[in-house]
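K.L.:
build me a structure from this.
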Amino acid sequence: MTSINLDGKIAIVTGSNAGIGKAIALLLAAHGAKVGVNCLRNVAQGEETVAEIRAAGGEAILVQADVTDTAQIVRLVQEVERAFGGTVDILVNNAGHLVQRAANAEMTEELYARIMDVNLKSTVFMCKSVLSGMRAKGYGRIINMSSVAAHNGGGPGSSVYAASKAAVTAYSKGLAKEVAAGGITVNLVSPGFIGQTMFHATFTTDSARQATVQGIPLQREGTPEDVAGAVLYLASDLASYLTGETIEVNGGMMMR
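P.N.:
Presented below is the predicted three-dimensional model:
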């Protein structure tokens, strides 16, 4: 029986200083992966994530980098590969953000660009940065992050965010076809209402949170660990015949 063993695999998880990204980094490391932890600003949180991995016997480094900047993306990948002595096997494009709720009548070009850059551009160019190494070894696991918003348009003031996540989904399907012959899989995880994250702490009121939970068949918020479990599966050999697919982690709030 195939078990989940990531010993010797090199992983990068973008936006992994806290929340969902941190849970993913911890779980991949717990199964043997050497993890490149990434943060944009909160270095202290990133260092804490690395410390937790190392305390549990795993290997990790922190690289502060803005994944909307292509030069910093290249540096991020180079630093991780240099630290661990090999090329990236597993890429989890977790970094993403609503940025700000805004009705379309209030949308500016600057806000539009920020939303699209952090969600779509970061995913596209992180993927580009690891593909040569994956092709050279004939192996790779890319997991991109979509959202239930990609299917239903999102909540108030989040139509551009929803569009950016729908674009990530479509891009990932196209990339999956492009790289499949090279032994590389590309899949998506699409979280629904996941608590314990800055996203909902920032953008969701308590009343909206309670109303949302009431509409979830499993009757609870998701946790970062719920999302991490789906990512671990996709990063493992258990999912070796799965590509271009989306795992919906939403407690049944949207079934497809």
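
K.L.:
so where's the stretch 101-250 of the chain uncertain?
P.N.:
In the predicted model, the stretch 101-250 of the chain carries pLDDT under 70 at residues 196-204.

K.L.:
tell me where it has strands.
P.N.:
140-145, 184-191, 246-249 (DSSP state E, counting those that start in this stretch).

K.L.:
pipe those strands into TSV and attach mean neighbour count per row.
P.N.:
(Each C-beta comes from the backbone N, C-alpha and C, glycine too.) Shown next, in TSV, are the strands of the stretch 101-250 of the chain (neighbours: other Cβ atoms under 10 Å):
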stretch	mean neighbour count
strand 140-145	26
strand 184-191	24
strand 246-249	20
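
K.L.:
tell me the contacts of the residue minimising distance to the centre of the chain?
P.N.:
Nearest to the geometric centre of the chain sits Asn94, at 2.0 Å (Cα atoms, centre = their mean). Applying Cβ atoms under 8 Å, 6 or more residues apart in numbering to Asn94 gives the contacts 13-16, 20-21, 24, 145.

K.L.:
quick check: the gap between it and Val118.
P.N.:
11 Å (Cβ to Cβ, to the nearest Å).

K.L.:
residues near Ala55, how many?
P.N.:
Using other Cβ atoms under 10 Å, Ala55 has 8 neighbouring residues.

K.L.:
who's in contact with it?
P.N.:
With Cβ under 8 Å, 6+ apart, Ala55 has no contacts at all.

K.L.:
and the helices in the stretch 101-250 of the chain, which stretches?
P.N.:
109-116, 122-137, 149-152, 159-179, 198-203, 206-214, 224-235 (DSSP state H, counting those that start in this stretch).
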